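K.L.:
compute the structure for the input listed below.
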Amino acid sequence: MKKVVLLVCIVLMALAGCTEKKGSAVLRAAVCPTSPPNLFLEDGKYRGLDLELFEGYCQARNRQFKIAAYDWQGMLDALVAGRADVAFSAISITDERKGKMDFSRPYMDNTWNLVSLRSRNIRIADLADLKRYTIGYPRGMAYSGFIANELEPRGIYRLDDVRTYPTYNEVIADLQNGNLDLAFLDGTVAAVYKKKIAVQDSYVFTGFDTFGFAFPKDSPLRADFDRYLDELGPEKLRAVIGKWLE
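P.N.:
Next up, the predicted model:
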């Protein structure tokens, strides 16, 4: 009888060990659901290409995850504070952010678009003209570093003159209400809003921005997510991205 009990205990311990190795803990995902098409709410449900990619990763690894929604800065703060295992919502990879968190390899390129109402028809031919306009975007965006490090030293635009908001929703609302001249948007977000409201590109910055999934410093999930992107392959990755950009 003692041998049977001992054998049962050994089997239970082995099963427990296997469960732990598979990573049974529910992953905590921090998002900002106002960044279409990467992450947004529709009919009360989270949707988007970032979500589809992370769902694919979790299915491939037999993991579960739970989403917690924040404004943009709150999403990044939650990750850095250890309240999330991953963050995704079209997050730009920057040197400043890499000092606080780790990123997956880039999964898509991005542009930065200054948009205005079509009725205003603002066209920026010379960046020196920017100081004539009010510019707004969500707090915590990578645009702040760009303005502080690139535009302000050249006398083009001061970071202190920027108007910041919790999310893109408030930025667009002020743009439509005439309280803002230009909204700084990710190119993917701009493409979605152009289909919904009468806005146009006033100026587009290209060639230096990429998106990545963000993880706490030294998280083993980062390397494993990169392995998943390799397993997915460039063709399937392009298909996922292309579907959401249609």
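
K.L.:
packing partners for the helix ranked longest in the chain?
P.N.:
In the chain, with assignment by DSSP state H, the single longest helix is helix 220-245. For helix 220-245, the contact count by 3 or more CB pairs under 8 Å, 6 or more residues apart in numbering; DSSP states H and E identifies helix 49-61, strand 214-215 as packing neighbours. Every residue, glycine included, has its C-beta placed from N, CA and C.

K.L.:
so how far is that helix from its chain's centroid?
P.N.:
Relative to its parent chain, helix 220-245 has a centroid offset of 15 Å by CA atoms, centre = their mean, to the nearest Å.

K.L.:
burial count for Leu49?
P.N.:
24 (other CB atoms under 10 Å).

K.L.:
hmm, who's touching stretch 58-75?
P.N.:
Identification of contacts with stretch 58-75 by CB atoms under 8 Å, 6 or more residues apart in numbering yields 22-23, 26-34, 46, 54, 57, 77-78, 83-84, 86-87, 89, 138-141, 166-167, 224, 228, 231.

K.L.:
so which residues of this protein form helices?
P.N.:
2-22, 49-61, 72-80, 95-98, 143-146, 168-176, 187-196, 220-245.

K.L.:
out of those helices, nearest to Met108?
P.N.:
helix 220-245 (5.5 Å; CB to CB).

K.L.:
thinking again about what came up before, can you say which of the contacts of stretch 58-75 are buried?
P.N.:
23, 27-34, 46, 54, 57, 77-78, 84, 86-87, 89, 138, 140-141, 166-167, 224, 228 (16 or more other CB atoms under 10 Å).

K.L.:
neighbours of Ser202, just the number please.
P.N.:
Neighbour count of Ser202, defined by other CB under 10 Å: 22.

K.L.:
list the contacts for it?
P.N.:
Leu114, Val115, Ser116, Ile122, Arg123, Ile124, Leu182.

K.L.:
kindly reformat these as TSV containing distance to Met108, neighbour count and pLDDT.
P.N.:
Formatted as TSV, the contacts of Ser202 follow (distance: CB to CB, whole Å; neighbours: other CB atoms under 10 Å; pLDDT from 0 to 100):
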residue	distance to Met108	neighbour count	pLDDT
Leu114	20	23	98
Val115	20	24	98
Ser116	25	22	98
Ile122	28	19	97
Arg123	27	11	97
Ile124	25	17	97
Leu182	24	23	98
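
K.L.:
returning to that earlier point: switch the helices of the chain over to TSV; also include mean pLDDT and distance to Leu39.
P.N.:
As requested, the helices of the chain are arranged in TSV below (pLDDT from 0 to 100; distance: least, CB to CB, whole Å):
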stretch	mean pLDDT	distance to Leu39
helix 2-22	36	27
helix 49-61	98	5
helix 72-80	97	10
helix 95-98	95	17
helix 143-146	95	18
helix 168-176	97	11
helix 187-196	94	10
helix 220-245	97	10
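
K.L.:
number of nearby residues for Leu185?
P.N.:
Counted by other CB under 10 Å, the residues lying close to Leu185 total 28.

K.L.:
can you get me a residue count around Arg238?
P.N.:
For Arg238, the neighbour count with other CB under 10 Å is 11.

K.L.:
okay, it and Tyr107: tell me how far apart.
P.N.:
Going from Arg238 to Tyr107 by CB to CB, to the nearest Å gives 10 Å.

K.L.:
cool, and Pro36?
P.N.:
Using CB to CB, Pro36 is found at 17 Å from Tyr107.

K.L.:
go on, Lys66?
P.N.:
22 Å.

K.L.:
show me the domain layout of the chain.
P.N.:
For the chain, the structural domains run 10-107+212-245, 110-210, going by automatic domain parsing.

K.L.:
got the angle between the longest strand along the chain and helix 168-176?
P.N.:
The longest strand of the chain (DSSP state E) is strand 199-211. Relative orientation of strand 199-211 versus helix 168-176 (axes from the mean of the first three to the mean of the last three CA atoms, to 10 degrees): 150 degrees.
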